[in-house]
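Peer 1: Build the 3D model from these lines:
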Amino acid sequence: QVQLVESGGGLVQAGGSLRLACAASGRSFNSNPMGWFRRAPGKERDFVAAISWNGGRTSYTDSVKGRFTISRDNAKNTVYLEMNSLKPEDTAVYYCAARLTHAYTDVASSNRYEYWGQGTQVTVSS
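Peer 2: Predicted coordinates for the structure are as follows:
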């Protein structure tokens, strides 16, 4: 059974930092893009960041560019999201996602990902 398990969420003051991790089990995603999405209260799930299989390509939504960094450790089958200079508007449930296709295309589209974690809450206080 494939599982994606996020960790690292929590409560932080504005300007602070958090590092999320997503550990995959049940199969390897070392040849596949992976991504992070988030759902803020009362809003739809939105794309945050994605990374290619070897980390050579990354993508970010405009609102997090320069503040968030996505990375991966294929030896650990884990993807990370380093979040700095956090703002109250970053408050959301953050989800890790993995896809079966190898191509780094449409990475911002949630319907291109087959596997999802349960989510981890990030709350940024002002």
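
Peer 1: Wait, a helix at residue 75?
Peer 2: No. Following the definition DSSP: H, G, I helix; E, B strand; the rest coil, residue 75 is coil and is not counted among the residues of a helix.

Peer 1: begin at 53 from here
Peer 2: New numbering, starting at 53: the last item is residue 127.

Peer 1: give me the low-pLDDT residue ranges for this structure?
Peer 2: Counting by pLDDT under 70, the chain shows no low-confidence range.

Peer 1: got a list of what residue 77 touches?
Peer 2: Neighbouring residues of residue 77 by CB atoms under 8 Å, 6 or more residues apart in numbering: 54-55, 57, 129. In this view, the C-beta of every residue, glycine as well, is placed from N, C-alpha and C.

Peer 1: I'd like the distance between it and residue 68.
Peer 2: Distance, residue 77 to residue 68, using CB to CB, to the nearest Å: 30 Å.

Peer 1: For stretch 57-75, measure first residue to last.
Peer 2: For stretch 57-75, the first and last residues are 5 Å from each other (CA to CA, to the nearest Å).

Peer 1: hmm, I was thinking of stretch 151-171
Peer 2: From start residue to end residue, stretch 151-171 stretches across 16 Å - CA to CA.

Peer 1: Would you mind listing the buried residues in it?
Peer 2: Across stretch 151-171, burial judged by 16 or more other CB atoms under 10 Å covers 151, 156, 159, 164-165, 167-169, 171.
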